[in-house]
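A.B. asks: Build me a structure from this.
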Amino acid sequence: MNIGLVAHDAKKKLMQNFCIAYQGILSKHDLYATATTGNLVESVTNLHIHKFLAGHLGGQQQLGAQIEQNQIDLLIFFRDPLTPLSHEPNINDIVKFCDIYNIPMATNIATAEALILALDRGDLDWREIYK
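C.D. replies: The predicted structure is shown next:
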């Protein structure tokens, strides 16, 4: 499955820790991330990550395009709801596309853990049929 990883600045360390904790599961899948998040995760894990541009430089739009083409099966997007961002419309587009294309998305650690464990159990295999 294709898994998207995005983390706002205040959540990048959380993303690194999440990927360390679930490296065994994540290593079985194709990972896509915005540049900074991808580089940070690669620096602490042995995971290979396909990287888009940095989020604010168009990476979130690139990821959104992948989602819009139904090429992402699961999105983990640790966002910082307390810090206003100039590229907020891109973030809203990503959420909207996940809803339109029935792509499971986590925006916090609790949901991310539930989804990654469901992925490991095979509970998200329906995505292969849906595509």
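
A.B. asks: low pLDDT regions in the chain?
C.D. replies: In the predicted model, the chain carries pLDDT under 70 at residues 83-90, 131.

A.B. asks: And the strands in it?
C.D. replies: Under the criterion DSSP state E, the chain contains strands at 2-7, 30-33, 49-51, 74-78, 105-106.

A.B. asks: Indicate which one of the ones you listed is closest to Ser43.
C.D. replies: strand 49-51 (10.5 Å; Cβ to Cβ). All C-beta atoms are positioned from the backbone trio N, CA, C, and that covers glycine.

A.B. asks: Just list what the closest one packs against, helices and strands only.
C.D. replies: strand 30-33, helix 35-44 (3 or more Cβ pairs under 8 Å, 6 or more residues apart in numbering; DSSP states H and E).

A.B. asks: which residues touch stretch 27-44?
C.D. replies: 1-7, 12, 15-16, 19-20, 46-55, 57, 59-60, 63, 66, 72, 119 (Cβ atoms under 8 Å, 6 or more residues apart in numbering).
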